[in-house]
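Visitor: Give me the fold of what follows.
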Amino acid sequence: MKTLITLALAAANFVAAPAMGASVIVNGDFENGLTGWSTTGLVSALLGSVYADGIGTAATPAQRANTYVFFGGANLTGFNTLSQTFATIIGRTYNFSFEAVDVGGGSQDIGYNFGGTTGSTNLSPANNFSLFQTYTGSFVASGTTSTVLFTNSSFVDDTDVALDNVNVTAAVPEPASWGMMIIGFGLAGVAARRRKAAVIA
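Guide: Just a heads-up that it's a prediction; the model follows:
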């Protein structure tokens, strides 16, 4: 009975997990502005056309119609952050990705923290929305919630960083893990059937 309860709890935990491949981030493409996100400093969600028309940054029609988050725009300096807290399962591995580019006039760093996995990347001035770089990584959740945090310090003006497509997805279990799970459920079924047969006899 104890084994059945343990397996049932494991199954419930598994079912409660986010669907494999589905991002647990709310509004990671920023098409709904900054909904779901918290900010400090000068952080804004704007159509690509607003920025492109403002300083002449190269952008295709699709890029002009897309919404991005901009750090340190309007030629202002300061410390800017963008963050979101989301539900996670302790011990589960999550993969993350995001796209960033410096569409201003000077080299700029953007720091990131996904569930404790930190990093920083230097973005060379691109002045072109087609030059977004994709960054990826993973972390193991240590709590029932985790946080993604982006930081950008604009100490000189016109060093605007654009961010898009922030995603966090639960990693697919290894084949061995799937096998053990299936065997566990199978053994639980066999045990239940034997117990029922013994009661009938």
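Visitor: how about the helices of this structure, start to end?
Guide: 2-16, 48-55, 61-65, 175-200 (DSSP state H).
Visitor: Break the protein into its domains for me.
Guide: The chain breaks down into these domains under automatic domain parsing: 1-20+173-201, 21-171.
Visitor: and the longest one, average pLDDT?
Guide: In this model, domain 21-171 has an average pLDDT of 87.
Visitor: C-alpha coordinates for stretch 38-55, PDB please?
Guide: Taking Å, rounded to 0.1, in the frame of the first residue of the first chain, the C-alpha atoms of stretch 38-55 are listed here in PDB:
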ATOM      1  CA  SER A  38       8.200  43.600 -13.200                       C
ATOM      2  CA  THR A  39      10.600  46.400 -14.100                       C
ATOM      3  CA  THR A  40      12.900  49.100 -12.500                       C
ATOM      4  CA  GLY A  41      14.500  52.000 -14.300                       C
ATOM      5  CA  LEU A  42      13.800  52.700 -17.900                       C
ATOM      6  CA  VAL A  43      12.400  49.600 -19.500                       C
ATOM      7  CA  SER A  44       9.700  49.800 -22.200                       C
ATOM      8  CA  ALA A  45       7.900  47.500 -24.600                       C
ATOM      9  CA  LEU A  46       7.700  49.100 -28.100                       C
ATOM     10  CA  LEU A  47       7.000  48.200 -31.700                       C
ATOM     11  CA  GLY A  48      10.100  47.800 -33.700                       C
ATOM     12  CA  SER A  49       8.800  50.600 -36.000                       C
ATOM     13  CA  VAL A  50       8.800  53.100 -33.100                       C
ATOM     14  CA  TYR A  51      12.500  52.500 -32.500                       C
ATOM     15  CA  ALA A  52      13.500  52.100 -36.200                       C
ATOM     16  CA  ASP A  53      11.800  55.400 -37.200                       C
ATOM     17  CA  GLY A  54      13.300  57.100 -34.200                       C
ATOM     18  CA  ILE A  55      17.000  56.500 -35.000                       C
END
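Visitor: Contacts for it next, please.
Guide: 30, 33-34, 57-59, 63-74, 76, 78-84, 103-104, 129, 154, 158, 160, 162 (CB atoms under 8 Å, 6 or more residues apart in numbering). The C-beta positions use only the backbone N, C-alpha and C, and glycine is treated the same way.
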